[in-house]
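Colleague: Sharing a model that was predicted from the sequence below.
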2 protein chains.
Amino acid sequence: MKAILPTLDENRKRPYYLQLYDYISNAIIRGDILEGEKLPSLRNLAKSTGLSITTIEQCYNQLLVEGYIFSKAQSGYYVSKVFPHSETTVPVEKGLSVPQYSDMQSALADEPKVFRHDPGCFDFNKWKKCMNKILTEYSSTLFFEGDPQGESVLRREIARYLYISRGVSCSPEQIIIGAGTQQITNHLATILRKLGIEHVSLESPGYLPVRNIFRDRGFSITDVVVADDGLVIEKLPANVRTAAYLSPSNNMFTGAVMPVGRRYELLNWAKANDSYIIEDDYDSELRYFGKPIPALKSLENSDRVIYLGSFSSTLFAAVKISYMVLPAEMAWLFSSMAADYSQTCSKLEQLTLALFMETGNYRTHIKKLRNLYSQKLDLVTDTLDQAASDFIEVRNTSSGMNIVLKVTSSKSSEQLKKEAESLGLPISVLEDDLFIFYYNQLPLAEIPDLLKSLAALWHS
Amino acid sequence: MKAILPTLDENRKRPYYLQLYDYISNAIIRGDILEGEKLPSLRNLAKSTGLSITTIEQCYNQLLVEGYIFSKAQSGYYVSKVFPHSETTVPVEKGLSVPQYSDMQSALADEPKVFRHDPGCFDFNKWKKCMNKILTEYSSTLFFEGDPQGESVLRREIARYLYISRGVSCSPEQIIIGAGTQQITNHLATILRKLGIEHVSLESPGYLPVRNIFRDRGFSITDVVVADDGLVIEKLPANVRTAAYLSPSNNMFTGAVMPVGRRYELLNWAKANDSYIIEDDYDSELRYFGKPIPALKSLENSDRVIYLGSFSSTLFAAVKISYMVLPAEMAWLFSSMAADYSQTCSKLEQLTLALFMETGNYRTHIKKLRNLYSQKLDLVTDTLDQAASDFIEVRNTSSGMNIVLKVTSSKSSEQLKKEAESLGLPISVLEDDLFIFYYNQLPLAEIPDLLKSLAALWHS
């Protein structure tokens, strides 16, 4: 056996006994010390290495526990049979590859900030106060996993809020909370399948991520065109049970709003065809004229509407709290399978939001946001009118989240998108010369200059 | 047309224009006001109701937007065609069903606390400090959605930590963060399928939720028995590419630990069969003797081990942050599909944890926890030894999370479980007379009395 002569480094954080352990285990792996060989006694190795007997003992215990060596009573320590076959590839010595260190401040500063943002959109101080209250006064609840359906205190606040703001009557038991629309839609797909529904009807143009989820879950899909008064009900399938997914209060791309008469028609269609309606009410709180349009869910009496809502666009993008309101029958089905699901939405953030709503902060915040976004919208449309009315036409100006731009240009839509992004402006291509422009994250004061730069860049 | 005589309630929070809107829209729905009928002029309705003209105008505008009424120039407002068919069921008037209100304090107090917990297991003050620092100094990053793969600053900290504590060398790019083992396992199932692997081999006894996920995702399953030196490698399938899921450092139910020689055999098996190993290292940090046993992942050189870890059992149950370390090939595959996934794990909690680790709080916390849990374990075994050695045998005492109890009793296992739960003790049935007892959440000082009560109850 080769002598055990480890190079010990007092500057490393790794304690001596583990440095010695590294040395000996690597020697066994490399075959420098062979199966059946006897290791030096504690006293002898302590002497030859200059380490204490306790340190050697700690090291041997570790090798023992891991099966590298075994002990014979009254005799000493021996090397175990480590490799089962002689042809085994011997692993190379583990190299130090700790990722290069940088502190959080510089790491976060290094992250590419592609798009602009407006710190005025959310007051983190109030949020922090609520969160600290949970962490101080209710921390004991955090020792337990969250409710798979979502925290009951938050579901209660949502039910109250939906009644007051959207006319939707529901009990907290009908509400399922999830971490984002994707997760909620996945749960919904599972429930629909259990009810024997394997077909969805989607607005065209509509929201792509939702289409992908249903496609991945094996649903058949019918695309249904959207007219000025919303989804064309006559184009919905009548020969198959389906779930029609739509945003009746504001089609994401065209801004189409479904009038109340059509809404009742849609409800009748669902009832007549034993089908369901999935109402994505994504920006209801950020619409400008009058009170938001009442939800389909608030008009129905046959329990066929699944209502989807989210807090990501009204709080801040990194908070992923979405929810759905299920018909009673579906809620019952979900509760029977809830034990199989673990809630991924942060319990702490759910409780914080519940407190934020209970204390009235949420309603005040929404009021401020509506006001702020409507100022931004005015400024955006005015600036574009003055600077680019000859080649940019603004459409669908009723949403607090985005507008649609029709651009007349010889440049490709990809090129136009790139140019917008070079200014930090978030834009996506809808089709050909139509773009969705998410103006609400731009700081108010910067809007005129930014849009003038955009007009100049696009026009060049 | 019936006269418009709304009962307005000045004590309700709902503004008058919306109370009037409720009255008129309900009247239209009920058929009290019919299609084509003309509404009173602004001035006349203001006069008859005693409201201001502005209020009436707000109300009419809302009815207009929603399609209940339409306006004819120079003429006035008329009721729209709301119901498409005469046989339409008329919805009943929306009843007030705001869920009964109670504030958060009483609501949280009402939650059934089935099991005991030990506030000494986590110091929320330090966590709060880190979280407040993020909310104060880095809040701008919260205006953007999180990285689908997990926050890069946290992945960096995990890579550093894994190298130091578990000997695992990996780059942050190989780490995927998710909200709990379920989500991580689901991602993994997707990746395995893309690699053409549709078979898993699971330890028996093993962890049921993982089995359910693979079953639901359509995988074939082979159960492999666990012996005293861990999973029996000879029973692994050799004729099919598979992923073997195991906890080599501590089988959850038997406490079996796989010695290093068997670990190399397992790595060889994976290579020879073009298969993978999923190493669930769930309690590695909370094991007592010596240093935790090195991970399989740290021994390999052929990139066939997927390493799973979690923070829920070392921080607090409500924080759902898990991760996996993927072989380079799989990490590449994940990054190509990451755009389709939205991260559901809270960005704020991820950043908080990264800071908690960077500042050394996590390592200090783990040290304290190991010490605390080992005291608890001693107390549990001592108390049971004194109070119930005649009918309770304690097994697998190497985990900081749970022990296995073998109980000799004429009562059914379900009955014994119920009796334990009546004392707030978390216990689950493993098989027949074997129970898993999660002792680590019991407050240290209460352990002797609680276990004496349990012994008396079970013995009665």
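Modeller: Thanks, I have the structure now.

Colleague: ok, the closest residue to A:Ser275 other than its chain neighbours - contacts?
Modeller: Distances taken as C-beta to C-beta, 6 or more residues apart in numbering or on different chains place A:Thr242 nearest to A:Ser275, at 4.9 Å, with adjacent residues excluded. Any C-beta I mention is one placed from the backbone N, CA and C, and that applies to glycine too. Contact analysis of A:Thr242 by C-beta atoms under 8 Å, 6 or more residues apart in numbering or on different chains lists A:Ile197, A:His199, A:Val200, A:Ser201, A:Thr222, A:Leu236, A:Asn273, A:Ser275, A:Tyr276.

Colleague: need the residues you listed in JSON lines with secondary structure and distance to A:Leu348, can you?
Modeller: Converted to JSON lines, the contacts of A:Thr242 look like this (DSSP: H, G, I helix; E, B strand; the rest coil; distance: C-beta to C-beta, whole Å):
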{"residue": "A:Ile197", "secondary structure": "coil", "distance to A:Leu348": "35"}
{"residue": "A:His199", "secondary structure": "strand", "distance to A:Leu348": "39"}
{"residue": "A:Val200", "secondary structure": "strand", "distance to A:Leu348": "34"}
{"residue": "A:Ser201", "secondary structure": "strand", "distance to A:Leu348": "38"}
{"residue": "A:Thr222", "secondary structure": "strand", "distance to A:Leu348": "41"}
{"residue": "A:Leu236", "secondary structure": "coil", "distance to A:Leu348": "42"}
{"residue": "A:Asn273", "secondary structure": "coil", "distance to A:Leu348": "43"}
{"residue": "A:Ser275", "secondary structure": "coil", "distance to A:Leu348": "38"}
{"residue": "A:Tyr276", "secondary structure": "strand", "distance to A:Leu348": "33"}
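
Colleague: from these, which would you call buried?
Modeller: Buried members of those, counted by 16 or more other C-beta atoms under 10 Å in any protein chain shown: A:Ile197, A:His199, A:Val200, A:Ser201, A:Leu236, A:Asn273, A:Ser275, A:Tyr276.

Colleague: C-terminal to the lowest-mean-pLDDT helix or strand in chain A, what's the next element?
Modeller: Lowest by mean pLDDT, DSSP states H and E among the helices and strands of chain A is helix A:104-110, with a mean of 68. Moving toward the C-terminus from helix A:104-110, the next helix or strand (DSSP states H and E) is helix A:124-137.

Colleague: which helices and strands does that next one pack with?
Modeller: The contact analysis (3 or more C-beta pairs under 8 Å, 6 or more residues apart in numbering or on different chains; DSSP states H and E) places helix A:124-137 against helix A:347-358, helix A:361-388, helix B:124-137.

Colleague: and the shortest one with helix B:347-358, angle?
Modeller: So the one you mean is helix A:347-358. 130 degrees (axes from the mean of the first three to the mean of the last three C-alpha atoms, to 10 degrees).

Colleague: How about the last one?
Modeller: Our comparison of helix B:124-137 with helix B:347-358, counting by the same axes, to 10 degrees, yields an angle of 120 degrees.

Colleague: can you list the residues that contact helix B:124-137?
Modeller: By C-beta under 8 Å, 6+ apart, helix B:124-137 touches A:105, A:124, A:127-128, A:131-132, A:135-136, A:139, A:142, B:142, B:315, B:348-349, B:351-353, B:355-356, B:359, B:361, B:365.

Colleague: For that helix, could you pull out the residues that count as buried?
Modeller: Residues of helix B:124-137 classed as buried: B:Phe124, B:Trp127, B:Lys128, B:Cys130, B:Met131, B:Asn132, B:Ile134, B:Leu135 (neighbour count, 16+ other C-beta under 10 Å).

Colleague: same question, the longest one
Modeller: Applying a neighbour-count criterion of 16+ other C-beta under 10 Å, one finds A:361-362, A:365-366, A:369-370, A:372-373, A:376-377, A:379-380, A:383-384, A:387-388 buried in helix A:361-388.

Colleague: Can you name the element that comes right after that helix?
Modeller: From helix A:361-388, the next helix or strand downstream (DSSP H and E) is strand A:392-395.

Colleague: Packing partners of that next one?
Modeller: Using 3+ C-beta pairs under 8 Å, 6+ apart, strand A:392-395 sits against helix A:361-388, strand A:403-407.

Colleague: Out of those, which is closest to A:Ser249?
Modeller: helix A:361-388 (14.7 Å; C-beta to C-beta).

Colleague: is the closest one anywhere near chain B?
Modeller: No. Helix A:361-388 does not reach chain B (C-beta under 8 Å from any C-beta of the partner chain); its nearest approach is 10.2 Å.

Colleague: list the helices and strands that helix packs on?
Modeller: Short answer (3+ C-beta pairs under 8 Å, 6+ apart): helix A:361-388 packs on helix A:124-137, helix A:347-358, strand A:392-395, strand A:403-407, helix A:447-459.

Colleague: Show me the helices in the stretch 1-150 of chain A, by range?
Modeller: A:16-30, A:42-49, A:53-65, A:104-110, A:124-137 (DSSP state H, counting those that start in this stretch).

Colleague: Just the buried positions in the third one, please.
Modeller: Okay, so that is helix A:53-65. Buried-residue list, helix A:53-65, by 16+ other C-beta under 10 Å: A:Thr55, A:Ile56, A:Gln58, A:Cys59, A:Tyr60, A:Asn61, A:Gln62, A:Leu63, A:Leu64, A:Val65.

Colleague: what's near enough to touch the fourth one?
Modeller: For A:Cys59, the contact set (C-beta under 8 Å, 6+ apart) comprises A:Tyr17, A:Leu18, A:Leu20, A:Tyr21, A:Ile24.

Colleague: try 7 Å
Modeller: A:Tyr17, A:Leu20, A:Tyr21 (C-beta atoms under 7 Å, 6 or more residues apart in numbering or on different chains).

Colleague: coming back round to it: out of the helices and strands packed on helix A:124-137, which is closest to B:Gly424?
Modeller: That would be helix A:347-358 among those, by C-beta to C-beta, at 20.3 Å.

Colleague: Is there any residue in the closest one that contacts chain B?
Modeller: Yes. Using C-beta under 7 Å from any C-beta of the partner chain, we find that helix A:347-358 touches chain B at A:Lys347, A:Leu348, A:Glu349, A:Ala354, A:Leu355, A:Glu358.

Colleague: Between these, which sits nearest chain B?
Modeller: The closest of those to chain B turns out to be A:Lys347 (C-beta to the nearest C-beta; 4.0 Å).

Colleague: The closest one and A:Gly150 touch, don't they?
Modeller: No. Assessed by C-beta atoms under 7 Å, A:Lys347 is found out of contact with A:Gly150, at 9.3 Å.

Colleague: and A:Ser342, helix, strand or coil?
Modeller: Secondary structure, DSSP: H, G, I helix; E, B strand; the rest coil: A:Ser342 is coil.

Colleague: ok, now which ones touch the residue nearest to A:Gly150 when sequence neighbours are not counted?
Modeller: Leaving aside its sequence neighbours, A:Gly150 sits nearest to A:Ile177 (C-beta to C-beta, 6+ apart; 2.5 Å). Shown in contact with A:Ile177 (C-beta under 7 Å, 6+ apart): A:Gln149, A:Gly150, A:Leu154, A:Arg155, A:Ile321, A:Tyr323, A:Cys345, A:Gln350.

Colleague: redo that, cut-off 6 Å
Modeller: Counting by C-beta atoms under 6 Å, 6 or more residues apart in numbering or on different chains, A:Ile177 makes contact with A:Gly150, A:Tyr323, A:Cys345.
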